[in-house]
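Quick one, fold the following:
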Amino acid sequence: MRLAGDAVDGEALRATVTLARAGDLAAACATLTGVLRPAPLATLRTAAADLLGIVAKAQGYRATADVLKLWTSAADMGRFTRLSARFGRGSGASSPCSAPRR
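The predicted structure follows:
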């Protein structure tokens, strides 16, 4: 959620809505181009691709749900992705919750 929030410029979005309500659609369209921030959006896109493309395919639904509960940054997603790729299908390696308890 934090990444998604960082990807949107709230001030530009508010300005776009204000201009659209006032009927100045040309200015609203021009302002709309600045609503999405490229860097956080690219990080979010990469994390989502890793989650769906590697973790979900290699580990399945349960591990994917566990990863979504636990990851707090793009670096976390990278670690979960590497674990999934290393240990392969069905090992549950991408999910810290599935680790054996002692």
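
and A47, what is it in contact with?
By CB atoms under 8 Å, 6 or more residues apart in numbering, the contact list for A47 reads L3, W71, A74, M77. Where C-beta positions appear, they are placed from N, C-alpha and C, glycine not excepted.

Kindly report the same for T16.
Neighbours of T16 in contact, by CB under 8 Å, 6+ apart: A28, T31, L32, V35.

Just give me the residue closest to the centre of the protein.
Compute the mean C-alpha point of the chain, and by CA atoms, centre = their mean the closest residue is L44, 3.6 Å away.

right, and that one touches R2 too?
No - using CB atoms under 8 Å as the test, L44 is too far from R2 to be in contact (9.8 Å).

Tell me the helix or strand right after the host helix or strand of T16.
Following DSSP states H and E, one finds T16 within helix 10-21. Heading C-terminal from helix 10-21, the first helix or strand you meet, by DSSP H and E, is helix 25-32.

Check which helices and strands that following helix is in contact with.
Applying 3 or more CB pairs under 8 Å, 6 or more residues apart in numbering; DSSP states H and E, we find helix 25-32 packed against helix 10-21.

If you count neighbours, what's buried in the helix it packs on?
For helix 10-21, the neighbour count (16 or more other CB atoms under 10 Å) marks A12, A15, T16, L19 as buried.

Cool, thanks, talk later.
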